[in-house]
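1. the following block contains a protein sequence and its predicted model.
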Amino acid sequence: MNPTTNQYSTAGLITLSVRLVIGWTYFSAFWRRLILENKLIPEEAGYIGEKFNHFLPNALGIKPLIEHLVSNPDQLQTAMVAFTIIEAIVGLFIMLGLFTRLMSVGVFSLAMGILLGSGWLGTTCLDEWQIGVLGIASGFVLFLSGGGSVSLDHYLSQKGDAFTYKKWFSWLGSGTLPIANLKKVSVVGAILLLGMTLFTNQYFHGGVFGKLHNKSVKPKVEISNASIQNNELEFQVFRVEGADVYGSFLIGIEILNDKKEVVQKWSMEDLANLEPEQIHNHYVSKVKPGKYSLILPLGAKADLTLKLNDSIVPTEIKTLKLIDISGAEWQINLNQ
């Protein structure tokens, strides 16, 4: 074994713990979703597609892709199945050290998807952002080091299989990486990854300078397209912030006149008994009546239709207000 090959073998041995742990984090996603409990069935609670829908409101760069998928349930399920299979293959192969460098690109890509899609989530810590940036850094390190002496790549090389002598195997498997200036690549790569880490930390959380913010703590609902037609109030709600594991619970809807007086109010009982035809959902995460309120999951968007009292004069209505169980209120002016 020449000195360079020995150095790569040692480097792969040093990063063994990273390889095993990062491999399990991806393989375990498959294990949890399909073996321990099937989370790929759209009609059942815990469907992974709804979790994917939670990413939508504040995703960076890939928001159009997410919106397209959550608007098309059949395509979303296909994507979730494919995504889970890819995670299983990448995770297992990384742990085994088989085609390590190719799988490290998979780790890098999957982590990038997590970072851009859900890097803004995390109620107490910056959970998804940390997972994303550490996954990206781990993928880069494993690409440079390869699998080392404790890997199937090394075992196949020691057996003398012909394909392990091909140049492409050095790029996709393990062994000496055919890069002229490894130090330059390592330093430039590290600086770029640090830059991306700082940028996303600031973009999602204000974590570098200015005021810190966490969009996962308090629920926020956007109201739009409010209008009155045929004695019915129509408007759209879109839950864009708050914890992904906990809905926003609307306990009241009010319409007010220009004196801020309540003209009509829908109580928590009214909202809990809305009919299906009064709610038109756009995505797989659905706005729906609960036992005591109207539930708005994170990322859910729906058009609501409410019947007005016959005595109401539409031109007198100036403001629509939504009231959450937390005490938060959101409102929009109605332009008649």
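-> Perfect, I can see it now. Numbers count the residues shown, from 1 in each chain.

2. got the buried residues for stretch 12-31?
-> Within stretch 12-31, the residues scored as buried using 16 or more other CB atoms under 10 Å are 12-13, 15-16, 18-19, 22-23, 25-27, 29-31. Any C-beta I mention is one placed from the backbone N, CA and C, and that applies to glycine too.

3. just the closest of those to residue 231, please.
-> residue 29 (49.8 Å; CB to CB).

4. what's near enough to touch that closest one?
-> Taking CB atoms under 8 Å, 6 or more residues apart in numbering, we find residue 29 in contact with 84, 87-88, 91.

5. the same query, at a cut-off of 10 Å, please.
-> Listed by CB atoms under 10 Å, 6 or more residues apart in numbering, the contact set of residue 29 reads 39, 48, 83-84, 86-88, 90-91, 110.

6. surely it is within a strand?
-> No. Assigned with DSSP: H, G, I helix; E, B strand; the rest coil, residue 29 falls outside any strand and is helix.

7. return the distance of it relative to residue 19.
-> In this structure, residue 29 and residue 19 are 17 Å apart, going by CB to CB, to the nearest Å.

8. try residue 206
-> For residue 206, the distance to residue 19 equals 34 Å [CB to CB].

9. ranges for the helices of this protein?
-> In the chain, the helices defined using DSSP state H lie at 3-14, 16-30, 48-54, 63-70, 73-96, 100-118, 127-145, 152-159, 167-172, 182-205, 268-272.

10. quick one: which of those helices is nearest residue 223?
-> Nearest of those (CB to CB): helix 268-272, 14.8 Å.

11. could you say what helices and strands the closest one packs with?
-> Helices and strands touching helix 268-272, by 3 or more CB pairs under 10 Å, 6 or more residues apart in numbering; DSSP states H and E, are strand 248-256, strand 288-289, strand 294-296, strand 301-307, strand 319-324.

12. mean confidence score for that helix?
-> Computed over helix 268-272, the mean pLDDT rounds to 96.

13. likewise for stretch 237-251?
-> Stretch 237-251 carries an average pLDDT of 94.

14. roughly how far is it from the heart of the chain?
-> Relative to its parent chain, stretch 237-251 has a centroid offset of 16 Å by CA atoms, centre = their mean, to the nearest Å.

15. my read: residue 42 touches residue 75, true?
-> No. Between residue 42 and residue 75 no contact is recorded; they are 11.7 Å apart, counting by CB atoms under 10 Å.

16. quick one: low-confidence ranges for the stretch 1-150 of the chain?
-> By pLDDT under 70, the low-scoring segments of the stretch 1-150 of the chain are 1-3.

17. residue 287 contacts residue 248, correct?
-> Yes. Look at residue 287 against residue 248 with CB under 10 Å: they come within range, at 9.4 Å.

18. so who does the nearest residue to residue 240 once chain neighbours are set aside touch?
-> Spatial nearest neighbour of residue 240, excluding adjacent residues (CB to CB, 6 or more residues apart in numbering): residue 57 at 3.9 Å. Contacts for residue 57 were tallied using CB under 10 Å, 6+ apart; they are 63, 66-67, 120-121, 215, 220, 222, 238-242, 298-301.
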